[in-house]
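Novice: Starting from these lines, generate the structure:
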Amino acid sequence: MYVLIKVMISAIIIGIVTEVSRRFPSYGGVIAALPLVSLLSIIWLYVQGEQTATLSKFALGVLWGIPATAAMLLIFYVALQNSMHLFVSIALGFCGWLLFLFLQDLTVTYVRKIF
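Specialist: Residues are numbered from 1 along each chain as shown. The predicted structure follows:
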């Protein structure tokens with residue numbers, strides 16, 4: 001039952017964002033850029049009784065993903081601007097996201113070895 005409540009609340013928020021986006025694309029984009037999923041996840045973890053250390057690690061993981069997500073959205077935007085099919089644009093963005101995460105991890109590993 002608890003899982004259904006989480007799914008329903010999350011679905012309602014996503015529905016609201018998509019409706020705003022349909023009417024006002026720029027505002028919808030700004031709302032979608034809000035850390036809604038991150039905040040909902042933190043709230044659900046807290047309500048389920050997770051420790052502060054777990055919430056902190058989760059927040060750090062989200063921070064770790066922000067640069068790759070920005071790269072993915074940039075690739076997606078450029079692909080759509082160049083009249084690529086939606087699913088091709090999504091695939092390119094996802095591949096860019098994976099590549100960026102890989103390069104980010106390599107860079108951090110390399111820097112840690114130096115220091």
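Novice: Please export the C-alpha coordinates of stretch 95-114 as CSV.
Specialist: Extracted in CSV, the C-alpha atoms of stretch 95-114 (Å, rounded to 0.1, in the frame of the first residue of the first chain):
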residue,chain,number,x,y,z
CYS,A,95,25.3,7.6,-24.7
GLY,A,96,26.8,11.0,-24.0
TRP,A,97,25.6,10.7,-20.4
LEU,A,98,27.3,7.3,-20.0
LEU,A,99,30.5,8.6,-21.7
PHE,A,100,30.6,11.7,-19.5
LEU,A,101,30.2,9.6,-16.3
PHE,A,102,33.0,7.3,-17.4
LEU,A,103,35.3,10.2,-18.2
GLN,A,104,34.4,11.9,-15.0
ASP,A,105,35.3,8.8,-13.0
LEU,A,106,38.6,8.4,-14.9
THR,A,107,39.5,12.0,-14.2
VAL,A,108,38.7,11.7,-10.5
THR,A,109,40.7,8.5,-10.3
TYR,A,110,43.6,10.1,-12.1
VAL,A,111,43.6,13.2,-9.8
ARG,A,112,43.4,11.0,-6.7
LYS,A,113,46.5,9.1,-7.8
ILE,A,114,48.4,12.3,-8.3
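Novice: Buried residues, it. List them.
Specialist: G96, W97, F100, L101 (16 or more other C-beta atoms under 10 Å). To be clear about C-beta, it is placed using only N, CA and C from the backbone, and glycine gets the same treatment.
Novice: contacting residues for the residue sitting nearest the centre point of the chain?
Specialist: Geometric centre of the chain, nearest residue: T69, 6.2 Å, by C-alpha atoms, centre = their mean. Contacts for T69 (C-beta atoms under 8 Å, 6 or more residues apart in numbering) come out as W97.
Novice: That one: helix or strand, and which one exactly?
Specialist: Using DSSP states H and E, T69 falls within helix 52-81.
Novice: List the buried residues in that helix.
Specialist: V62, G65, A68, A71, M72, I75, F76, A79, L80.
Novice: Now the last one. Nearest residue, chain neighbours left out?
Specialist: Read that as L80. In this structure, L80 finds its nearest non-sequential neighbour in S89, 5.1 Å apart by C-beta to C-beta, 6 or more residues apart in numbering.
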